[in-house]
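*Asks:* 3D, please:
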Amino acid sequence: MNIMESLRDVERDCGVRILYACESGSRAWGFESNDSDYDVRFIYHHPVDRYLSVNLPAQHLRRSVESEYPIDMVGWDLFKTCRLLGKNNPSLGEWLRSPIQYTVNDGSVGVDMFHLSNIFFSPKASAHHYISMCSSNWIDHVGGNEQPSMKRYLYCMRPAMCARYVIKANKFPPVNFELLMKCSDVADGVKDELVELIKKKSGQGESETCRRVKSFNDYIEETISVFREMANSLPAVKTPARELDSIIKKALDR
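*Replies:* Residues are numbered from 1 along each chain as shown. Have a look, this model is predicted:
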């Protein structure tokens with residue numbers, strides 16, 4: 001498995017230039033299982049003349065690479081990415097803060113986007129994103145399940161912790177789960193249970209289940225019911241178009 005080689009294949013086959021690439025999902029968060037795939041995310045642009053047409057080039061690319069550990073590759077076009085950056089898209093915010101970054105071409109675009117996402121961070125958009133993520137995983141996979149998967153339990157706890165962090169700190173939460181735990185409002189006893197769950201998950205498959213944990217359930221349900229209202233009172237911020245335009249011009253001029 002060679003992620004850099006796979007990224008170069010995308011550039012060659014799709015006729016694009018990749019500006020930034022990183023790992024997303026459980027490997028970036030730090031609680032992958034022994035059979036977790038690689039979730040590679042990237043930002044790219046087409047040749048300039050492709051944008052001078054009524055038929056815009058592909059704004060989204062996806063490719064799966066089969067290997068011992070499959071690679072799921074998803075990319076967003078530069079223009080789409082900047083529009084999402086302007087809306088403070090939290091998924092993009094996590095890409096830009098991933099602890100696992102793959103160097104492809106000029107990395108300065110990722111740095112510029114990272115700085116803008118800090119300057120024009122929107123607590124309201126971020127908090128609602130994480131509460132919605134927590135709620136959907138709880139309703140669909142955990143809440144009524146006597147033997148929930150360890151993966152889905154963590155997929156509830158992590159966004160719940162992120163939402164609370166945003167509401168209290170008014171800044172983007174740490175991507176790495178260990179760092180998130182250290183600065184979260186989770187009680188020490190609950191942190192110990194989370195550490196134990198991650199240890200179990202790391203040695204087993206993605207679909208393995210566990211017992212229900214009351215302290216997790218209480219934390220998740222409180223986040224969904226109480227903190228959603230608190231999120232409504234947070235400030236909403238949008239990134240000025242001129243700042244986004246400057247990133248696009250800089251990338252296309254190279």
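
*Asks:* and the helices in the stretch 1-150 of the chain?
*Replies:* Remark: helices assigned in the stretch 1-150 of the chain by DSSP state H, counting those that start in this stretch are 3-14, 26-29, 78-86, 90-96, 108-119, 123-137, 150-169.

*Asks:* send the alpha carbons of the shortest one over as CSV?
*Replies:* C-alpha atoms of helix 26-29 as CSV (Å, rounded to 0.1, in the frame of the first residue of the first chain):
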residue,chain,number,x,y,z
SER,A,26,-10.6,7.0,12.9
ARG,A,27,-6.9,6.9,12.0
ALA,A,28,-6.6,10.7,12.3
TRP,A,29,-8.6,10.6,15.5
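
*Asks:* closest to Leu52 out of the helices of the stretch 1-150 of the chain?
*Replies:* Ranking the helices of the stretch 1-150 of the chain by proximity to Leu52 (C-beta to C-beta) places helix 78-86 first, at 12.7 Å. Where you see a C-beta, it was placed from the backbone N, CA and C, and this is true even at glycine.

*Asks:* without its sequence neighbours, what residue ends up closest to Gly107?
*Replies:* Spatial nearest neighbour of Gly107, excluding adjacent residues (C-beta to C-beta, 6 or more residues apart in numbering): Tyr20 at 6.4 Å.

*Asks:* any low-confidence regions in the stretch 101-250 of the chain?
*Replies:* Scanning the stretch 101-250 of the chain for pLDDT under 70 picks out 104, 106.

*Asks:* repeat the analysis, applying 90 as the threshold.
*Replies:* 103-108, 203-207, 238-239 (pLDDT under 90).

*Asks:* and the residue nearest to Gly107, what does it touch?
*Replies:* 42-43, 95-96, 101, 104, 107, 109-110, 113 (C-beta atoms under 8 Å, 6 or more residues apart in numbering).

*Asks:* among these, which one sits closest to Trp76?
*Replies:* Nearest member of these to Trp76, counting by C-beta to C-beta, is Ile43, at 5.8 Å.
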